[in-house]
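Student: got a predicted model here, sequence first, then my questions.
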Amino acid sequence: MTIVYTYLGVHLRYPLLDEVNELLVTSFVVVGLLTVLYTLPARDLPLTFKTGVHVVAGVFAALAGDFFTLLVGLELLTFSAYFLLVHRADSERAAVGYRYIGFHISAAALFFVGMAIQYTDTGSLQLARAVPSAVPYFLAAFAIKAVFFPLHIWLVDAYPRAPVFAVPALSVFTTKMGVYAIARIAGGPVVAYIGGATAILGVLGALRQSNARRLLSYHIVSQVGYMVAGAALATQAGIAAGVFHAVNNIVYKTLLFMVAGAVFFTVGHDDLTRLGGLVRRMPITFFGSMVGSAAIAGVPLFAGYASKELLKSATGYTPLTYMLLLAAIGTALSFLKFTFYMFVGERGTTQPESGRPDERTAGDHTAPEAEAAAEADADADAGAEAGSGRGRYEAPWTMLVPIGVLSVFSILFGVRPQLAVAGTTYGIYSLSSLWVSVLPLLAALGVWHFARRLVKPHEHHESALLVEMRTIGGRGLRALERALAFSHQHPFQVYLFLVTLCFVVLAAIAL
């Protein structure tokens with residue numbers, strides 16, 4: 001039931017639940033609860049609490065029925081994510097959190113301007129397609145949330161450095177809300193093609209990575225490109241395909257981040273150049289990796305295949321479709337690399353040369369052994385208990401249960417997609433559909449067989465562009481860093497205060 005209430009003479013409504021966001025909200029709740037369960041091995045109650053608040057903020061935002069409530073929900077997501085990022089952080093990760101805040105406050109300001117123009121022109125704040133004069137502001141805000149290139153920088157900067165137990169929750173909400181907002185408010189063919197380009201550029205960035213979490217972070221960028229390519233079309237088929245792919249991505253990308261986290265917990269790092277041979281030691285985690293990799297690569301009978309077929313149908317086999325097929329080749333290659341070098345390949349066969357820097361600590365020029373120790377210490381300080389499972393032959397059950405549940409969903413949504421999207425038929429498994437979908441997989445296998453060295457994990461510095469953008473961002477946000485310094489020194493107390501204040505304000509608005 002939607003409740004309409006009045007605040008300062010403006011009619012607002014909450015919650016809004018319809019065919020556009022019903023599946024998204026359900027996935028937020030189910031997967032969100034699994035991410036909270038996943039934090040329990042950290043034995044860090046504040047981290048678990050912050051994860052729970054982030055989940056609640058995501059569900060709240062997805063149920064918004066007007067622009068004002070949506071803005072409040074998005075900012076609750078921003079600040080709850082910030083406090084997860086800086087949880088027991090050192091100075092480097094605290095700076096990452098400040099940059100994260102800077103990007104998303106900029107998005108909020110742009111959204112607010114668009115909202116003001118919308119209200120001035122229509123006299124209403126009910127969620128609807130944006131008026132033409134407000135579209136540029138909304139799109140600029142959503143471009144940040146939905147990680148359009150080159151605005152993806154905040155995500156690939158933050159997620160690989162976040163506490164390992166918090167990353168699955170962080171990966172679920174913010175970018176998907178950007179896609180949802182594009183579907184609801186502003187889109188168009190140009191935005192759809194930007195999504196296609198983002199899918200390709202994201203996968204090219206992922207192929208260069210040798211750290212598991214950084215590889216997965218770039219694939220969030222790429223997969224969001226797929227979602228935008230459908231949702232921005234603003235057709236019923238395009239929105240349904242984009243939202244369905246968002247839900248599938250929530251399932252299998254969270255699964256893959258949980259796999260990487262389980263390996264990190266058990267081994268002490270997630271550097272693909274130094275992993276390998278874990279298939280016997282961690283068979284359940286390996287199974288989750290296989291399922292998640294098959295799903296994201298679009299292998300038939302797995303979740304990603306079904307939603308990608310709907311996207312092809314919605315885009316009508318235009319040049320946009322072929323952009324997505326090209327991105328699919330890189331996706332399959334990335335996850336051959338991810339699973340092989342983590343679980344199957346011989347351990348140490350890709351050991352970095354002595355004395356050369358490694359990308360895992362992003363710019364730290366110490367030797368690989370010192371970097372591994374520093375990373376493990378940092379995550380242990382963050383409550384992640386990095387490597388505290390060393391010597392185990394599997395991750396604890398509180399990590400394996402979410403991995404198992406998400407593996408089941410990744411298969412179920414591929415075998416019976418109509419459970420998620422009503423009206424989806426087995427026509428997606430026609431011979432022509434299967435052939436078109438298998439072609440990128442065959443191309444990826446060919447590259448893997450004949451030119452594996454092109455994607456072999458290796459140590460390297462971050463790109464000059466990433467380092468320079470981070471430097472510029474750091475200079476521009478010094479004032480914000482000073483303003484947030486107290487919150488870093490007393491994070492949990494400030495966090496409780498802000499959460500309480502937000503709920504008091506929301507209660508006042510509702511009354």
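Tutor: Yep, that arrived. Residues are numbered from 1 along each chain as shown.

Student: going forward, measure contacts and count neighbours with C-alpha atoms only.
Tutor: OK.

Student: quick check: residue 85 touching residue 155?
Tutor: No. If you go by CA atoms under 8 Å, residue 85 and residue 155 don't touch, sitting 11.4 Å apart.

Student: now for this protein, the helix or strand with the poorest mean pLDDT.
Tutor: Least confident helix or strand, the chain: helix 368-381 with a mean of 42, by mean pLDDT, DSSP states H and E.

Student: I'd like to know which elements the next helix or strand after it is packed against.
Tutor: Using DSSP states H and E, the helix or strand that directly follows helix 368-381 along the chain is helix 397-415. Helix 397-415 is packed against helix 22-38, helix 236-267, helix 283-297, helix 303-315, with contacts defined by 3 or more CA pairs under 8 Å, 6 or more residues apart in numbering; DSSP states H and E.

Student: avg pLDDT for the second one?
Tutor: In this model, helix 236-267 carries a mean pLDDT of 93.

Student: show me what it is packed up against.
Tutor: On a contact count with 3+ CA pairs under 8 Å, 6+ apart, helix 236-267 meets helix 22-38, helix 167-184, helix 212-231, helix 283-297, helix 303-315, helix 397-415.

Student: out of the ones you listed, nearest to residue 149?
Tutor: Of all the helices and strands packed on helix 236-267, helix 212-231 sits nearest to residue 149, with 8.3 Å by CA to CA.

Student: what's the residue closest to the geometric middle of this protein?
Tutor: Nearest to the geometric centre of the chain sits residue 171, at 3.2 Å (CA atoms, centre = their mean).

Student: roughly how far apart are the residue lying closest to that residue once chain neighbours are set aside and residue 289?
Tutor: Using CA to CA, 6 or more residues apart in numbering and skipping residues adjacent in sequence, the residue nearest residue 171 is residue 254, 6.7 Å away. Using CA to CA, to the nearest Å, residue 254 is found at 11 Å from residue 289.

Student: about what we covered before: count the neighbours of the residue nearest to residue 171 for me.
Tutor: Using other CA atoms under 10 Å, residue 254 has 27 other residues around it.

Student: thought it was touching residue 168?
Tutor: Yes. Using CA under 8 Å, residue 254 makes contact with residue 168 at a distance of 5.1 Å.

Student: export only the CA atoms of stretch 220-230, formatted as PDB.
Tutor: Below are the C-alpha coordinates for stretch 220-230, written out as PDB (Å, rounded to 0.1, in the frame of the first residue of the first chain):
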ATOM      1  CA  ILE A 220      30.800  -4.200 -12.100                       C
ATOM      2  CA  VAL A 221      31.500  -1.300 -14.500                       C
ATOM      3  CA  SER A 222      31.200  -3.500 -17.500                       C
ATOM      4  CA  GLN A 223      28.000  -5.300 -16.300                       C
ATOM      5  CA  VAL A 224      26.300  -2.000 -15.400                       C
ATOM      6  CA  GLY A 225      27.000  -1.000 -19.100                       C
ATOM      7  CA  TYR A 226      24.800  -4.000 -20.100                       C
ATOM      8  CA  MET A 227      22.100  -2.900 -17.800                       C
ATOM      9  CA  VAL A 228      22.100   0.700 -19.000                       C
ATOM     10  CA  ALA A 229      22.100  -0.400 -22.600                       C
ATOM     11  CA  GLY A 230      18.700  -2.000 -22.000                       C
END
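
Student: pLDDT averaged over it, what's the number?
Tutor: Mean predicted confidence for stretch 220-230 is 94.

Student: mind listing residues that contact it?
Tutor: Stretch 220-230 has contacts (CA atoms under 8 Å, 6 or more residues apart in numbering) with 146-148, 152, 171, 175-176, 179, 182, 191-203, 238-243, 245-246, 249, 253, 311, 314-315, 320, 324, 327.

Student: buried among those residues? Make that a ChimeraX selection.
Tutor: Selection of buried members from the contacts of stretch 220-230 for ChimeraX, criterion 16 or more other CA atoms under 10 Å:
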select :146,147,148,152,171,175,176,179,182,191,192,193,194,195,196,197,198,199,200,201,202,203,238,239,240,241,242,243,245,246,249,253,311,314,315,320,324,327
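
Student: would you turn the helices and strands packed on helix 397-415 into CSV with distance to residue 103?
Tutor: CSV is the format used below for those (distance: least, CA to CA, whole Å):
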stretch, distance to residue 103
helix 22-38, 23
helix 236-267, 22
helix 283-297, 28
helix 303-315, 29
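
Student: residue ranges with poor pLDDT in the stretch 51-200 of the chain?
Tutor: In the prediction, the stretch 51-200 of the chain carries no residues with pLDDT under 70.

Student: how about the helices in it?
Tutor: Here the stretch 51-200 of the chain has its helices, by DSSP state H, counting those that start in this stretch, at 67-85, 91-122, 135-145, 153-158, 167-184, 189-207.

Student: out of these, deepest packed?
Tutor: helix 167-184 (a mean of 25; mean count of other CA atoms under 10 Å).

Student: please export the C-alpha coordinates of that one as CSV.
Tutor: The C-alpha coordinates for helix 167-184 follow below in CSV (Å, rounded to 0.1, in the frame of the first residue of the first chain):
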residue,chain,number,x,y,z
VAL,A,167,32.6,-5.6,-0.4
PRO,A,168,29.7,-8.0,-1.3
ALA,A,169,27.3,-5.6,0.3
LEU,A,170,28.9,-2.6,-1.3
SER,A,171,28.6,-4.2,-4.7
VAL,A,172,24.8,-4.7,-4.5
PHE,A,173,23.1,-1.4,-4.2
THR,A,174,24.6,1.9,-5.5
THR,A,175,25.3,1.1,-9.1
LYS,A,176,22.0,-0.8,-9.5
MET,A,177,20.1,2.2,-8.1
GLY,A,178,21.8,4.3,-10.8
VAL,A,179,20.5,1.9,-13.5
TYR,A,180,17.0,1.9,-11.9
ALA,A,181,16.9,5.7,-11.8
ILE,A,182,17.8,5.8,-15.5
ALA,A,183,15.0,3.4,-16.3
ARG,A,184,12.5,5.5,-14.3
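
Student: so what does that helix touch, helix or strand wise?
Tutor: Checking 3+ CA pairs under 8 Å, 6+ apart, helix 167-184 ends up next to helix 22-38, helix 45-62, helix 67-85, helix 135-145, helix 212-231, helix 236-267.

Student: what about 6 Å?
Tutor: Judged by 3 or more CA pairs under 6 Å, 6 or more residues apart in numbering; DSSP states H and E, helix 167-184 is in contact with helix 135-145, helix 236-267.

Student: nearest to residue 50, out of those?
Tutor: Judging those by CA to CA, what sits closest to residue 50 is helix 236-267, at 17.5 Å.

Student: just the angle between the closest one and helix 22-38, please?
Tutor: Computed by axes from the mean of the first three to the mean of the last three CA atoms, to 10 degrees, the angle separating helix 236-267 from helix 22-38 equals 10 degrees.

Student: how far does helix 236-267 sit from the chain's center?
Tutor: How far helix 236-267 lies from its chain's middle: 8 Å, per CA atoms, centre = their mean, to the nearest Å.

Student: tilt between that helix and helix 283-297?
Tutor: Using the same axes, to 10 degrees, helix 236-267 lies at 150 degrees relative to helix 283-297.

Student: so helix 236-267 versus helix 212-231, what angle?
Tutor: Per the same axes, to 10 degrees, the angle that helix 236-267 makes with helix 212-231 is 170 degrees.
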